[in-house]
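[1] I would like to see how this sequence folds:
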Amino acid sequence: MSWTFVRRVAASGALAGIFVVVPVALPPVLAADRTGLTPSGDTKAAKPGSHAPRPPQLPRNFRGTGKWIVRDLGITVPFTWAGRDGDSQMVAGGPQYPIWFTNLIYRNSLYTLTYKWPGLNEHQCSRIPGFNLGLLNQKLKTARFVGRETLQRNPRRQVNHWRVGAVVPQLPPGNHLRFPLGIGDIYVDQHNPGTFWQVLQFGVQNLYDPELDEWLVMDRFEHHPGRVALPRRCMTPS
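    Predicted coordinates for the structure are as follows:
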């Protein structure tokens with residue numbers, strides 16, 4: 001979701017979601033093994049009836065740097081994420097790296113443009129109108145609280161772990177045919193749910209990745225306006 005969150009719209013027309021959607025969610029421990037990271041150390045799951053913290057909410061203004069990780073391809077590239085006045089942009093990699101893409105929420109539309117990806121020959125910019133920060137944050141309000149955790153990195157970070165997903169069709173509990181589209185595991189600062197430190201995306205939004213899962217890991221996240229720029233190729237998207 002790409003939150004900034006939809007990962008990509010594939011050539012087939014399948015919707016890619018920044019944090020959301022998935023055919024079978026990996027538990028956090030397995031996800032950690034797949035990425036070579038330890039996403040959580042000490043974990044205290046919320047007890048039934050206990051008070052959960054505020055859910056993640058992407059701020060209107062922010063900027064940060066980190067890494068984009070595609071473990072099954074053995075690829076880790078630099079990553080930037082920025083927001084300004086409610087618009088936002090993710091950029092992973094660059095012309096000198098094996099993958100390079102950008103996702104944007106820009107003036108009430110969601111854009112995704114993949115410049116480079118192993119085995120990919122189509123590089124058009126895709127646009128989904130009617131998507132903005134408000135809609136993204138509404139979806140994030142539905143996230144389920146997993147627990148309070150410690151990211152075992154340098155420095156160690158105290159985070160709240162949330163899970164958000166999408167299933168179709170939406171039906172009541174019971175023996176109904178449902179299809180899980182995707183999932184996002186979101187790790188935000190325990191003191192500020194608008195500070196995002198780590199996200200696992202798993203599902204159909206990661207169609208270009210053979211194992212359908214990708215990580216973003218932030219090294220720095222600041223609550224100051226960043227730079228958001230619509231690529232020239234997206235000014236007349238296909």
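
[2] what's the weakest-modelled helix or strand in the chain?
    Lowest by mean pLDDT, DSSP states H and E among the helices and strands of the chain is helix 28-35, with a mean of 40.

[3] Share the number of residues neighbouring the closest residue to residue 61 other than its chain neighbours, please.
    Closest residue to residue 61 apart from its sequence neighbours, by C-beta to C-beta, 6 or more residues apart in numbering: residue 225 at 4.2 Å. The C-beta positions use only the backbone N, C-alpha and C, and glycine is treated the same way. Residues lying near residue 225 (other C-beta atoms under 10 Å) number 15.

[4] three-state assignment of residue 225?
    Following DSSP: H, G, I helix; E, B strand; the rest coil, the label given to residue 225 is coil.

[5] In contact with it, which residues?
    61-63, 82-85 (C-beta atoms under 8 Å, 6 or more residues apart in numbering).

[6] State the pair within those residues that is farthest apart.
    Using C-beta to C-beta, the pair of these lying farthest apart is 63 and 85, separated by 12.8 Å.

[7] who's more crowded, the two?
    Using other C-beta under 10 Å, the more surrounded residue of residue 63 and residue 85 is residue 63, with 19 against 10.

[8] Tell me the first helix or strand C-terminal of the one helix or strand residue 201 maps to.
    Residue 201 is located in strand 192-203, with elements delineated by DSSP states H and E. Where DSSP H and E defines the elements, the next helix or strand beyond strand 192-203 is strand 213-222.

[9] Mind listing what's buried along that next one?
    For strand 213-222, burial by neighbour count (16 or more other C-beta atoms under 10 Å) applies to 213-218, 221.

[10] for those residues, which one is nearest residue 122?
    Nearest to residue 122 out of these is residue 214 (C-beta to C-beta; 18.7 Å).
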